[in-house]
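Engineer: take this sequence and fold it.
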Amino acid sequence: MAKVISFINFKGGVGKTTTTYHIGCALAHFYDKRVLLIDIDPQTNLTFLCAIEDRWKQQKNQGTSASLYRKYLEGKPFNVNKAIWRSPIQGRKGEPLVPKLDLIPSDYELIGDLDVQVRAQSKLSSSNPLMAGLSKIKIDAEHYVIPRIFLWELVKQVSNYYDYILIDCPPNLYLLTHNALVASDYYIVTALPDHLSTGGASTLIGAADAISDKLQSLGRIIDKMLSKTQPGGVIFVKVFRQIPTRVHRGTMMRIRANLQIYIFEKYTTELTGYQEASQVAVPVFLHQTANARRAADQYQAITDEFMRRFP
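Structural biologist: Just a heads-up that it's a prediction; the model follows:
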C-alpha cells in the first residue's frame, strides 16, 4: 500500500515542483522504490521536468490528470492504468533513466476556474451515476464532496502497485488541491526562508486542516469514510547560501519554534545546476555537469531525511 504525499503551497516559485520531482526520482533511483508522480498543476511543470514537450504531446492522448478528471465528473469510468506514463525520464537514445518512476501527466486543459467548470459540466444530478439513489437531504454534501474525491478514487486503483505516490499541486488551495489533500496521508509545505514564510506556513497549515475536517464531516453524510491528511513537514528551498545568511537563519529558526510540525533539517540553495538539468528533463543527480554535481547532494540529503520520516 503506497504512502501518498502531496506537496502544497498557495504561492508559486517556492520549489514545490522541483522538490516533488527530485524526491520522487531519488526514492526510485537510490532506494529502489516504485514511485508514481501525479501532476495536477495546470502549468504542467512536473510533467516537463520528466520529459520534453514533444514527447508529452505524443503521450497525452493516452490520458492526463485533466482528461481523467473530466470523465470522472461526467460519471464515466476512467482508465488510470492507460494514463500512467511508464518510466518517462529517458536518455538520448530512449533508454529509461529512472525505470521505477511513473507519471500521470498534467495538461493545460486544467487552466481556468475549475469550480465554475464543475458546476457547469459535471451535471451533478439524479441522472448522473455518481448521484443515483441519493436522498435529497444528501445532495448538498454530494455536490461538495464528489468533485473533491477524484484523486481519492484514483489512488485506490493504483495504490497497491507503488511504494510512494507523490502529488504536485497547483499554487493555491482550490479544488484540485482539495482533491490532493483528501487523497493523501500527509502533505509537505515547501517554503522560502523570507519574512513572509512564518505567517504563510502557519496560515496554510490551518487552511489545510479546515479543508480536511470539512471533507471528513460531509463525507460521512454520504457514506464516504475519508481520512484526515496530516502535516508531514516543511522543507526550506532556495536558501541564499550553503551557510544561510543571518536573516534566512533567523526566519528558519522562528518557523521551527512557532510551528508544531516537523521541519526538515536539510534544505536547498539557489544553484544553476537545477536549471541545467531541467532543460534536458533529467534529475540533477543524473546530469553530468559541474553545476549539477554541486547541486546533486542537496535532494539526496532531503530524500534521506524523507525516508526516515516516511519509511
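Engineer: all contacts plus neighbour counts: C-alpha atoms, from now on.
Structural biologist: Will do.
Engineer: just the element for residue 99, please.
Structural biologist: Using DSSP states H and E, residue 99 is not contained in any helix or strand.
Engineer: what sits against it?
Structural biologist: The contact partners of residue 99, by C-alpha atoms under 8 Å, 6 or more residues apart in numbering, come to 28, 86-87, 89.
Engineer: now the strands for this protein?
Structural biologist: In the chain, the segments counted as strands under DSSP state E are 3-8, 35-39, 85-86, 101-104, 164-168, 186-191, 230-236.
Engineer: how about residue 39, what does it touch?
Structural biologist: Residues in contact with residue 39 (C-alpha under 8 Å, 6+ apart) are 46-47, 65, 103-106, 167-169.
Engineer: between which two of those residues is the distance greatest?
Structural biologist: Put simply, by C-alpha to C-alpha the two of these set farthest apart are 103 and 169, 14.0 Å from each other.
Engineer: show me where the chain has its helices.
Structural biologist: 16-31, 45-50, 53-59, 65-73, 80-83, 114-121, 139-145, 150-158, 175-183, 197-221, 246-258, 272-279, 290-309 (DSSP state H).
Engineer: right, and these - which one's nearest residue 38?
Structural biologist: helix 65-73 (7.6 Å).
Engineer: could you give the angle of the closest one to strand 35-39?
Structural biologist: With axes from the mean of the first three to the mean of the last three C-alpha atoms, to 10 degrees as the basis, helix 65-73 and strand 35-39 are set at 80 degrees to each other.
Engineer: show me what counts as buried in helix 65-73.
Structural biologist: Within helix 65-73, the residues scored as buried using 16 or more other C-alpha atoms under 10 Å are 65-70, 72-73.
Engineer: need these in JSON lines (columns: pLDDT and distance to residue 273).
Structural biologist: Listed next are the buried residues of helix 65-73 as JSON lines, based on pLDDT from 0 to 100; distance: C-alpha to C-alpha, whole Å:
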{"residue": "65", "pLDDT": "95", "distance to residue 273": "29"}
{"residue": "66", "pLDDT": "91", "distance to residue 273": "31"}
{"residue": "67", "pLDDT": "92", "distance to residue 273": "34"}
{"residue": "68", "pLDDT": "93", "distance to residue 273": "34"}
{"residue": "69", "pLDDT": "92", "distance to residue 273": "35"}
{"residue": "70", "pLDDT": "88", "distance to residue 273": "37"}
{"residue": "72", "pLDDT": "90", "distance to residue 273": "39"}
{"residue": "73", "pLDDT": "85", "distance to residue 273": "41"}
